[in-house]
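S.K.: I need the structure of the sequence given here:
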Amino acid sequence: MKKLILIATVLTLSPLVASAATLRLLSATTTAHVGDTFAIGINLDTGADSINAIEGGLLLSPNLAVENIRLSGSLIPLWVTQPTVTQDGAVRFAGILPSGYQGSGALSQTGGVVGNIFTIFLKAQREGVARVSFASGTGVYRDDGKGTQAPLVTTSLDIPVVSASGAITTAVVPKDTTPPEPFEPRIVAGSPFGSSGHVLIFSALDKDSGIDHYDSAQSVWGNAPASSLSWHRVTSPYVLTDDAEAHYLY
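M.R.: Next up is the predicted model:
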């Protein structure tokens, strides 16, 4: 009787494991020297699901430093949180695939990775094991109109870091030659955002190196030189005061 129960359990669980989405960390580097930089691709295999959203984070061991993050070739068309290094050294990200995506990680004929989320370039700072793993709370969501969280398997990556030996190996970060998409800020009623006046909403899309931040300035002149303005960092939605609505906004 016990054998029959065990077999039934295995048959029930196996299809669930086979259909789960998987987030993988891919790197051509198997061993690094102190001072080397190398690239890791974050890759999504959706399994049996169609996925329309992803969120989470990467955890890096203390002997690693982020040199660059690139979005070139990413399957994410809309970032809610562009991959960003936090104060605690983690990398947080969240993105949406409005039409859904279903596919697996594979190399294309041009060498690109199908299913790539983004690519991170890391520098090995000290000897030891360099570990990259996904943070708790990392998840993917089905394209079912309900935002149902899909089963997810994540992998970690360990790369031994040994003492420097000879020339330092540096991963080549491709130049960003792709211009951002057209930038079209809009002024809308502020009530949906908890404001009694108007707000400015904006989101620029750069499919390669991404957007670092936004700066804004005001002037009574419509053709003021950028160097003459007082700039400050802003985020969307940006609440427009009465004074702001009486000025040109840059």
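
S.K.: distance-wise, check the residue nearest the centre of the chain relative to Leu97.
M.R.: Among the residues of the chain, the one closest to the centroid is Pro83, at 3.4 Å (C-alpha atoms, centre = their mean). Distance of Pro83 to Leu97, computed by C-beta to C-beta, to the nearest Å: 15 Å. (Glycine included, C-beta is placed from N, CA and C.)

S.K.: quick one on the thing from earlier: which residues touch the residue lying closest to the residue nearest to the centre of the chain once chain neighbours are set aside?
M.R.: Setting aside the residues directly before and after it, Pro83 is nearest to Phe93 in space (C-beta to C-beta, 6 or more residues apart in numbering), at 4.2 Å. Residues in contact with Phe93 (C-beta atoms under 8 Å, 6 or more residues apart in numbering) are Ile54, Glu55, Gly56, Gly57, Leu58, Trp79, Thr81, Gln82, Pro83, Thr84, Ile117, Phe118.

S.K.: list the contacts for the last one?
M.R.: Applying C-beta under 8 Å, 6+ apart to Phe118 gives the contacts Gly41, Ile42, Ile69, Arg70, Leu71, Ser74, Ile76, Pro83, Phe93.

S.K.: how about a cut-off of 10 Å?
M.R.: Listed by C-beta atoms under 10 Å, 6 or more residues apart in numbering, the contact partners of Phe118 are 40-43, 58, 69-76, 79, 82-83, 91, 93, 95, 210.

S.K.: check the fourth one too.
M.R.: Applying C-beta under 10 Å, 6+ apart, we find Gly57 in contact with 81, 83-84, 86, 88, 90-94, 133-138.

S.K.: swap in 6 Å and give it another go.
M.R.: Residues near Gly57 by C-beta atoms under 6 Å, 6 or more residues apart in numbering: Ala90, Arg92, Ala135.

S.K.: thought the last one was touching Leu59?
M.R.: Yes: here Ala135 reaches Leu59: they are 5.2 Å apart, a contact under C-beta atoms under 6 Å.

S.K.: show me which of those two is the more surrounded one.
M.R.: Higher neighbour count among Ala135 and Leu59: Leu59, with 17 against 13, using other C-beta atoms under 10 Å.
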